[in-house]
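Undergrad: Got a predicted structure plus its sequence, pasted below:
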Protein chains: 4
Amino acid sequence: MVAFEGVYSVLPTPFRGGADVDVESLKKVVHLIVGAGVNGVTALGVTGEAARLNDRERHLIVETVVSEVAGRAKVIVGASADGVRTCIEYSREAKALGASAVMVTPPRMLKLNTESVLNHYKALADAVDLPIVVQDYPPISGFAMEAGLLARIAREVPAARTIKLEDPPTPFKTARILVAAGDTKVNILGGLGGVFLLEELMAGAAGVMTGFAYPEVLVKVVSLYRSGAVDDAADLFYRFVPLMRFEFQEGIGMAVRKEVFRRRGVMADGSTRAPGAVLDAGTRAALESVLAWTAKQKGAEWISG
Amino acid sequence: MVAFEGVYSVLPTPFRGGADVDVESLKKVVHLIVGAGVNGVTALGVTGEAARLNDRERHLIVETVVSEVAGRAKVIVGASADGVRTCIEYSREAKALGASAVMVTPPRMLKLNTESVLNHYKALADAVDLPIVVQDYPPISGFAMEAGLLARIAREVPAARTIKLEDPPTPFKTARILVAAGDTKVNILGGLGGVFLLEELMAGAAGVMTGFAYPEVLVKVVSLYRSGAVDDAADLFYRFVPLMRFEFQEGIGMAVRKEVFRRRGVMADGSTRAPGAVLDAGTRAALESVLAWTAKQKGAEWISG
Amino acid sequence: MVAFEGVYSVLPTPFRGGADVDVESLKKVVHLIVGAGVNGVTALGVTGEAARLNDRERHLIVETVVSEVAGRAKVIVGASADGVRTCIEYSREAKALGASAVMVTPPRMLKLNTESVLNHYKALADAVDLPIVVQDYPPISGFAMEAGLLARIAREVPAARTIKLEDPPTPFKTARILVAAGDTKVNILGGLGGVFLLEELMAGAAGVMTGFAYPEVLVKVVSLYRSGAVDDAADLFYRFVPLMRFEFQEGIGMAVRKEVFRRRGVMADGSTRAPGAVLDAGTRAALESVLAWTAKQKGAEWISG
Amino acid sequence: MVAFEGVYSVLPTPFRGGADVDVESLKKVVHLIVGAGVNGVTALGVTGEAARLNDRERHLIVETVVSEVAGRAKVIVGASADGVRTCIEYSREAKALGASAVMVTPPRMLKLNTESVLNHYKALADAVDLPIVVQDYPPISGFAMEAGLLARIAREVPAARTIKLEDPPTPFKTARILVAAGDTKVNILGGLGGVFLLEELMAGAAGVMTGFAYPEVLVKVVSLYRSGAVDDAADLFYRFVPLMRFEFQEGIGMAVRKEVFRRRGVMADGSTRAPGAVLDAGTRAALESVLAWTAKQKGAEWISG
């Protein structure tokens, strides 16, 4: 089984004025991110506004991303759906287009339970021969998977031994999952905008999967940490926390993140699709402030404030 | 503007063994329901397991329903989506296929607010010239629309003056919405499996939209009530409440309802798509009991227990 | 261990004009209910507006109820609290005042998990020598206990082998819990206003605990069912379902129920404490209608419509 | 009307081994915090584990805090309750004990609505002559108050013109509330552990109310910002963000915060009451790391890592 370790960037989906998918900008974003040295990219995640795309657009985006990555990194594709059948369809399409894995949350349903969740992953693994990243993000699926259930999924569904963890406190839960999994090897990738990356690594995470618009920093932090330069990793990480936290604001984070990509020159405009948030002047001013400060930090001088 | 009054049946989507859409059964279901004298049918509602269908299946179902109804009743099509754009696409397709109206919930999004909801309906009305049924079903959208907001939508979006009300207590809320709407004419259609139909009518509802598998009863209750035979309407209604309530059980209601259609001979099998519930022996036995009792009631002798 | 079987009435708390506890009315309510032949009463439940009472009032109510019941039935006392410690305090007070058992939901807390819930019941059982009724009512505690967890609590905490089940579909879940519990004897009491009493009994429930204002009917249905007169039990039950359903309406049910007790002459006024709902004219008219119809039914002639 | 501006520290409640209230430690905590130059303290907030205290303990804590503050700062007291009546009782007690204001969330109730919330604050203001801090923390009350409602409360209830804002994105919402309030003067105090303090001030907040265990920093940031030294305020703030964020972790933040107070020598032990979280070794190690780094930052040398 492929091991998913290191840094995975969740891709935003650029739009032209909140309308059509902007394929040219998408290519530039992928180019920047792969150039930053990530281990993989994730298309059609929550950050990619997947819920606001139609099936043709899903296809276009995966095709574009796979082609632009050109084998230089893994490509993980979001395939969550409310029904098992649609989830399998999405996953087959992802595989056909060259995906390295799919990422799947529990299906949304009132009265969902542990067995239904387990069966969902089992049915997917039986139907499609591709690794599955289990996305643990309760606000999206409406179902909270405890550490014990995540460990059980890993044991019973060998294809599903990578977890994208977004259920805080993520460092604490990382440790709980690893204990519960015992001998079963589980790869945990932190999320939450990278805001707890260092602590997740300290707790045993295999890496991080998030949409932070400076993936270079995630790559550097993980690399320093893995090489044993823990203090250097921590120093760099802490200096970027103010920016990460600002970019990860609930309800407006996606718009902030796209604005950062726009400022980095890889997105023609930073619009989200309605009913996504629109940045106000105050948020723009606050973003400028934190970018300017970050650019002055040791190890971050390459950032243009 | 078209007025939506009377009885609208929300259609189930028949599957073969939980897998492919069973078009032949769907036609039979439509035939039975239209023959029962309903004013309209609703395709792609929650009861139709719309969330577990792909775009091709959506198209197939609407096409089949419009063709089978053949102008004898209105056809309302569920077009809810997490993004405005997809909602508009679904609505345009519904219109092109001959729908009389679309039914739309607020989009699902963390931090959704009143203005976003209003803008969602406005943008849809601007883009597609078709009446909109506002679906008030908080567990699906995650957003509770108060009476004042529903009245405001009706005032500001003339295309959106029909409400499918599923937020209990529906009779009480019906009265509140009508007061809040004032001079603006609003049509409220009750829901909740018909379980509060009489009380909704007493509170001023224009009718009911639900998936109860004996639409004949809904038609008869509304017709008696409108003709002034309120006591007869009440007597018939109360005698069917035990069955309606049983069919409307949270978490398993869809499977019960499909089983009733199967017993009525219009559905080859009563399966739902995973992760939908599967009936156990106890639920089947309890269904037999309530059907048998109902069949003995005055005015219900035509039911085969 | 005491077995809790049969019918338990959850007591309303009468207030004078929504203000002070009306002790005289409370005594009359208890008198009527115990006279109806119930096996027990439950004080300080959700229906008793326990969340709107202070500690002195809690004491007064339990004292009054125990004294008025005078050993003729069991007295169960709600002792749910957000912290283990307060839950233990409440339980000790209940025991000192003569309670037969306490009823406890999981504590409310963000990020609550299975182990915390189990520890809550264990700590309570260790601290207080009194049977515990586990209340499974997810909207109150915010935590959904699956059948497996309820069975595990029963196995690991012998004092906690009675479950008040309010998580629909209750008949289906009753069957699931009994299977999961295996050899461990568990007593399941249905809830939900009695609206699924027959089906819960068919699924193996030991009885019912709810606040329906005509406990005589619950007693008669259970008694007929236990004596083997299942059809008679069913016939009586179905005829009362319209009233039970009306009384159990979400958001306004408590006010309806109190109004029924007022009409029965045991409550001076039917007010709830703010922000509880206030009945409107439409709801009163609809209540009259369903009471009048019910009073004409076979076996219900003693009801004054 | 009193204006609430500047820095308010939400007090933790120290316990001895998770059991009794530790009054001596509480006094030390108050002494440290008031010495840090805050404008006020808040007792019985969520951070104070108010939901796990009984009425005697509530009284003891407020009495202790008022006495220890000794007029050097304002004392705000949490008085939230599920019923209006209990909220009024708590508020009267707070006033009698010398509180400067009470802090109140909307009451918890299924089907709560805008009018009920408004009536709750009106009834409290009518009954008790004390300023009210409106706490906007949706996870606790289960009700999301939009900017328009908060502005309406401020207009219609003059006693309730201070808002403790904990509904992210708080800087964005601060701006929206101020626009909605128009000519009505509203004081917004940020929350969320201080993690967005700078941005809240930039958006027009009057200060901050939170439980961060280094209130000296909040005082310094606000003071620099108010004096026009915005860059210095920002520099100090950003350097403390990693620690603030760590202390504010969902599900474990309270335990982290108490551990920091313990390390600062003002709390005998850092225990929370069950079912509160217990720190694991990993979280302790991560806390040491971020404290050590923070202590090396410019302006933070007084911190003992």
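TA: Yep, that arrived.
Undergrad: Leaving out chain neighbours, which residue sits closest to A:Val102?
TA: Spatial nearest neighbour of A:Val102, excluding adjacent residues (Cβ to Cβ, 6 or more residues apart in numbering or on different chains): A:Ala79 at 4.0 Å. Every residue, glycine included, has its C-beta placed from N, CA and C.
Undergrad: all strands of the stretch 51-200 of chain A, in order?
TA: Using DSSP state E, counting those that start in this stretch, the strands found in the stretch 51-200 of chain A span residues A:74-78, A:101-104, A:132-136, A:162-165, A:187-190.
Undergrad: residues touching A:Asp82, list them.
TA: Contacts for A:Asp82 (Cβ atoms under 8 Å, 6 or more residues apart in numbering or on different chains) come out as A:107-109, B:51-52.
Undergrad: out of everything not next to it in sequence, what's closest to it?
TA: In space, and not counting its chain neighbours, A:Asp82 is closest to B:Ala51: 3.9 Å by Cβ to Cβ, 6+ apart.
Undergrad: what ranges do the helices span in the stretch 51-200 of chain A?
TA: In the stretch 51-200 of chain A, the segments counted as helices under DSSP state H, counting those that start in this stretch are A:55-69, A:84-96, A:114-127, A:138-141, A:147-156, A:170-181, A:197-202.
Undergrad: what does the stretch 201-305 of chain A have sitting close to chain B?
TA: When proximity is defined as Cβ under 8 Å from any Cβ of the partner chain, the stretch 201-305 of chain A approaches chain B at A:250-251, A:273-277.
Undergrad: among those, who's most crowded?
TA: Ranked by neighbour count (other Cβ atoms under 10 Å in any protein chain shown), those have A:Pro275 at the top, with 23 neighbours.
Undergrad: returning to that earlier point: would you list the strands of the stretch 51-200 of chain A in a markdown table and tack on mean pLDDT and mean neighbour count?
TA: Shown next, in a markdown table, are the strands of the stretch 51-200 of chain A (pLDDT from 0 to 100; neighbours: other Cβ atoms under 10 Å in any protein chain shown):
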| stretch | mean pLDDT | mean neighbour count |
| --- | --- | --- |
| strand A:74-78 | 98 | 27 |
| strand A:101-104 | 98 | 26 |
| strand A:132-136 | 98 | 26 |
| strand A:162-165 | 98 | 28 |
| strand A:187-190 | 98 | 28 |
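Undergrad: Relative to C:Met244, which of those strands is closest?
TA: For C:Met244, the closest of the strands of the stretch 51-200 of chain A is strand A:132-136, at 40.3 Å, according to Cβ to Cβ.
Undergrad: How about that closest one and chain D, touching?
TA: No. Figure legend: strand A:132-136 not in contact with chain D (Cβ under 8 Å from any Cβ); closest approach 13.6 Å.
Undergrad: in terms of contact, does A:Val104 touch A:Ile76 like I think?
TA: No. With contact defined as Cβ atoms under 8 Å, A:Val104 does not reach A:Ile76; the gap is 10.4 Å.
Undergrad: Overlap of the contact sets of those two?
TA: Common neighbours of A:Val104 and A:Ile76, using Cβ under 8 Å, 6+ apart, are A:Val133.
Undergrad: and the helix or strand bottoming out on mean pLDDT in chain A, which residues are buried?
TA: One helix or strand of chain A scores below all others by mean pLDDT, DSSP states H and E: helix A:138-141, with a mean of 88. For helix A:138-141, burial by neighbour count (16 or more other Cβ atoms under 10 Å in any protein chain shown) applies to A:140-141.
Undergrad: other SSEs contacting it?
TA: In terms of contacts (3 or more Cβ pairs under 8 Å, 6 or more residues apart in numbering or on different chains; DSSP states H and E), helix A:138-141 is not packed against any helix or strand.
Undergrad: that older thread, pretty sure the residue nearest to A:Asp82 sits against A:Arg108.
TA: Yes. Counting by Cβ under 8 Å, B:Ala51 touches A:Arg108, with 7.3 Å between them.
Undergrad: what about the stretch 151-300 of chain A, any weak spots by pLDDT?
TA: Of all residues in the stretch 151-300 of chain A, none has pLDDT under 70.
Undergrad: And the residue of it closest to chain B?
TA: Using Cβ to the nearest Cβ, the single residue of the stretch 151-300 of chain A nearest to chain B is A:Gly251, 3.6 Å away.
Undergrad: and that residue, what is it in contact with?
TA: A:Gly251 makes contact with A:277, B:110-111, D:168-169, D:172, according to Cβ under 8 Å, 6+ apart.
Undergrad: does it count as helix, strand or coil?
TA: Classification of A:Gly251 using DSSP: H, G, I helix; E, B strand; the rest coil returns coil.
Undergrad: residues in the stretch 51-200 of chain A within reach of chain D, list them.
TA: Residues of the stretch 51-200 of chain A that fall close to chain D, judged by Cβ under 8 Å from any Cβ: A:168-169, A:171-172, A:175, A:195-196, A:198-199.
Undergrad: go again using 10 Å as the cut-off
TA: The stretch 51-200 of chain A comes close to chain D at residues A:167-176, A:179, A:192, A:195-196, A:198-200, as judged by Cβ under 10 Å from any Cβ of the partner chain.
Undergrad: Can you select the buried ones among these for me in ChimeraX?
TA: Restricted to buried positions by 16+ other Cβ under 10 Å, the ChimeraX selection for those reads:
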select /A:167,168,169,170,171,172,173,174,175,176,192,195,196,198,199,200
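Undergrad: near chain C too, which of the residues of the stretch 51-200 of chain A next to chain D?
TA: Checking those against chain C (Cβ under 10 Å from any Cβ), the matches are A:167-169, A:172-173, A:176.
Undergrad: Among the residues you listed, which pair sits farthest apart?
TA: Taking Cβ to Cβ, the two most distant members of these are A:Pro168 and A:Arg176; they sit 12.5 Å apart.
Undergrad: Now do the residue nearest to A:Val102, the pLDDT please.
TA: A:Ala79 is assigned 98 on the pLDDT scale.
Undergrad: so what's it up against?
TA: Contacts for A:Ala79 (Cβ atoms under 10 Å, 6 or more residues apart in numbering or on different chains) come out as A:44, A:50, A:58, A:86-95, A:99, A:101-105, A:124, A:128, A:130, A:132-133.
Undergrad: redo that, cut-off 6 Å
TA: Going by Cβ atoms under 6 Å, 6 or more residues apart in numbering or on different chains, A:Ala79 touches A:87, A:90-91, A:94, A:102, A:104.
Undergrad: Tell me which other helices or strands the longest helix along chain A touches.
TA: Scanning chain A for the helix with the most residues, using DSSP state H, yields helix A:230-247. The contact analysis (3 or more Cβ pairs under 6 Å, 6 or more residues apart in numbering or on different chains; DSSP states H and E) places helix A:230-247 against helix A:215-226, helix A:281-295, helix D:230-247.
Undergrad: quick check: angle from the longest one to helix A:281-295?
TA: Orientation note: helix D:230-247 sits at an angle of 90 degrees relative to helix A:281-295 (axes from the mean of the first three to the mean of the last three Cα atoms, to 10 degrees).
Undergrad: Can you give me the buried ones in helix D:230-247?
TA: For helix D:230-247, the neighbour count (16+ other Cβ under 10 Å) marks D:232-247 as buried.
Undergrad: what separates it from the chain centre, distance-wise?
TA: Centroid separation for helix D:230-247 versus its chain: 18 Å, with Cα atoms, centre = their mean, to the nearest Å.
Undergrad: Give me the contact list for it.
TA: So helix D:230-247 is contacted by A:238, A:241-242, A:245, A:289, A:293, D:193-195, D:198, D:212, D:217, D:220-221, D:224-225, D:256-257, D:290, D:294, D:297, D:299-300 (Cβ under 6 Å, 6+ apart).
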